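Chemist: Give me the fold of what follows.
(2 chains)
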Amino acid sequence: MAISSPSLIPSFPHRETITNPLKPDTLNPPNPILLISKCTSLRELMQIHAYAIKSHVYNHKDHSFITKMINFCTESPTTSSMSYARHLFDAMPEPDIVSFNSIARGYSRSLNPIVSFALFVGVLEGGMSPDHYTFPSLLKACAAAKGLEEGRQLHCLSMKLGLDGDVFVCPTLINMYTECEDVDAARRVFDRIIEPCVVSYNAMITGYARRNRPNEALSLFREMQGKSLKVNEITLLSVLSSCSLLGSLGLGKWIHEYATKHGFCKYVKVNTALIDMFAKCGSLDDAVSLFEKMRHKDTPAWSAMIVAYANHGEAEKSMLMFERMRSESVQPDEITFLGLLNACSHRGLVEEGRKYFSRMVNEFKIVPSIKHYGSMVDLLGRAGRLDDAYRFIDTLHISPTPMLWRILLSSCSSHNDLKLAEKVSERIFEMDDSHGGDYVILSNLYARNKKWEDVDFLRKVMKDRRAVKIPGCSSIEVKNVVHEFFSGDGVKSNTHTKLHIALDEMVKELKVAGYVPDTSMVVHADMSDHEKEIAVRYHSEKLAIAFGVLNTPPGTTVRVVKNLRVCRDCHNAAKLISVVFGRRVVLRDVQRFHHFEDGKCSCGDFW
DNA sequence: GTAGGGTTAG
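Modeler: Numbering: from 1, shown residues only, chains lettered A, B, ... in the order given. This is a model prediction of the structure:
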């Protein structure tokens, strides 16, 4: 394949007066290569190039000069600098792999992976042989574009060249596979390494953490320690994010001690990851005290705290943090605002949220992303302004993603608006009909409105389309062991364990205190009231909370993590458990925290 | 020129 020139090549500055652009009056012609190192803009580079041609101080076959110019262009790539680099490269009579690597790096940095890959194919067919610098940038490009097929081809080629065991190539191969969602392929690469170094371990641990497989990440971390491989701060970042995923406060605290003992707390990133971990493991107090001890706080550190308060439903404190951040002249970024918008959304502060959105755009010149739009839809929808939310999506200048509609669908469910939910579901199914959660929400709404034929019909549609429902799962850490419970465990008699009997007893006590099971979300029309009650009783979060109450000393806070939104009945039950059994219950749901104490929840029943 | 903190989806 011939490499075609891109159409947007900046014109050479032939018309300009050719003098040494940086030092106009020098008598001795300076070496253009030295000029490049002082160059500050693309324009200057083009002048230097023209000067070099005109003054004959370089031979156009001289690779080192061209390569230096290409390097300058790809350092912080822009559309025009990349076009220029490409032009320089294409004009080389005998392009070499060094300049090629530089171009490829530029494309992958400017997130233009497709061009990068096409260029690579052309070069290979031109007979050039890639070296171990070639692979990392191309693999990065595949990772960014989720180009699994291209990534695999590169992997094969690197094997043919005997480079797949290279210290630079391995970690990028692992990273490419995990970013393309093939973690097992990544693991196969990792397992082929005879003696993996820290970087390869880190790549694999990060991959597991990113793909929501924290247990495997942690087991590799233990393996590293067993081999007395030197753990670095990057290892800790991924290990901490694994703790956050699991909600494992015990392990997180251990990592905190480990980090302190081994001198990792001097890294701002480690502190930020620790704050995030404490907040996501339910201990906002630990997050705050660590944050206050930090001497240097950057934008991510402030954002972590703003997000932490938002997730715990403390909107006022989120907003206060923002004020403090501003008074210390720290610049907010897009994530800071995501935090603020979520904070407002969880408290129903529609006007405040709108104000932050407009400040973000007008005052801080941040271009809203799809996630900001999502937060706005949530803000409006959750507050019951469903029509506003619908109009907001409909009038966006970008085409809405299924996720945006999904957020609105969830609000329809909270506010029991079946008509709008049907309309919104249609929009979703046009784009993606494989998401089990959408059917569940709609089906629950039909059930709540006693439309049993619709429930049945939807169930059939769901089955035909092979959409899968994610089972509810809750976990709790007791004595450093994480226990997992699934919804429905115990409904059949053969899985009815001691825990289920204990839960039955607890429910009896709760009923004395006024608990009335809310079975309105149970979708089976043909169930008796008793069967419905049992279906609700063995929800995963109730099992986990019961396990916590039974297996920890009286008065201990019970911390539970759930993979989906908490159901209304479990929310009611948890409030009563906090009174009847005198326990604080901290429940992390898929989108926020609920703190139950003295019969009340921190969300104020708005969630 | 390899791994990388704060968001990730109701």
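Chemist: hey, let's count contacts and neighbours off CA atoms from now on
Modeler: Will do.
Chemist: contacting residues around the residue in the stretch 451-600 of chain A that DNA strand B sits nearest to?
Modeler: DNA strand B sits closest to A:Q591 of the stretch 451-600 of chain A, with a gap of 3.7 Å, by Cα to the nearest atom of the strand. Going by Cα atoms under 8 Å, 6 or more residues apart in numbering, A:Q591 touches A:311, A:565.
Chemist: All the helices of the stretch 301-450 of chain A, in order from the start?
Modeler: In the stretch 301-450 of chain A, the segments counted as helices under DSSP state H, counting those that start in this stretch are A:315-327, A:334-347, A:350-362, A:370-382, A:386-394, A:402-414, A:418-431, A:436-448.
Chemist: what's the closest non-adjacent residue to the most centrally placed residue in chain A?
Modeler: When Cα atoms, centre = their mean is applied to chain A, the residue found nearest the centroid is A:R210 (7.4 Å). With Cα to Cα, 6 or more residues apart in numbering as the measure, A:T178 is the residue that lies nearest to A:R210, at 7.9 Å, once sequence neighbours are left out.
Chemist: From A:H155, how far out is the one you found?
Modeler: 14 Å (Cα to Cα, to the nearest Å).
Chemist: Who has more neighbours out of these two?
Modeler: Using other Cα atoms under 10 Å, the more surrounded residue of A:T178 and A:H155 is A:T178, with 26 against 22.
Chemist: doesn't the more buried one fall inside a helix?
Modeler: Yes: A:T178 forms part of a helix when assessed by DSSP: H, G, I helix; E, B strand; the rest coil.
Chemist: A:K297 - that's part of a helix, no?
Modeler: No: using three-state DSSP, the assignment for A:K297 is coil, not a helix.
Chemist: burial of the nearest residue to it once chain neighbours are set aside, as a residue count?
Modeler: Nearest residue to A:K297, sequence neighbours excluded (Cα to Cα, 6+ apart): A:V268, at 7.4 Å. When counting by other Cα under 10 Å, one arrives at 17 neighbours for A:V268.
Chemist: what sits against A:V268?
Modeler: Applying Cα under 8 Å, 6+ apart, the residues near A:V268 are A:296-298, A:301.
Chemist: okay, these in TSV with distance to DNA strand B and pLDDT next?
Modeler: Formatted as TSV, the contacts of A:V268 follow (distance: Cα to the nearest atom of the strand, whole Å; pLDDT from 0 to 100):
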residue	distance to DNA strand B	pLDDT
A:H296	9	92
A:K297	7	95
A:D298	6	94
A:A301	5	96
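Chemist: which of those has the most neighbours?
Modeler: In the contacts of A:V268, the most neighbours by other Cα under 10 Å go to A:A301, 22 neighbours.
Chemist: mind listing what that residue touches?
Modeler: A:A301 neighbours (Cα under 8 Å, 6+ apart): A:268-269, A:271-272, A:291.
Chemist: could the contacts of A:V268 be laid out in TSV, adding distance to A:R43?
Modeler: Output for the contacts of A:V268, formatted as TSV (distance: Cα to Cα, whole Å):
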residue	distance to A:R43
A:H296	38
A:K297	37
A:D298	34
A:A301	37
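Chemist: Can you tell me the number of residues neighbouring A:N212?
Modeler: 15.
Chemist: And for the residue nearest to it when sequence neighbours are not counted, the neighbour number?
Modeler: Closest residue to A:N212 apart from its sequence neighbours, by Cα to Cα, 6+ apart: A:L245 at 7.2 Å. Applying other Cα under 10 Å, we find 19 residues neighbouring A:L245.
Chemist: Could you check how far A:L245 is from A:K498?
Modeler: Where A:K498 is concerned, A:L245 sits at a distance of 28 Å (Cα to Cα).
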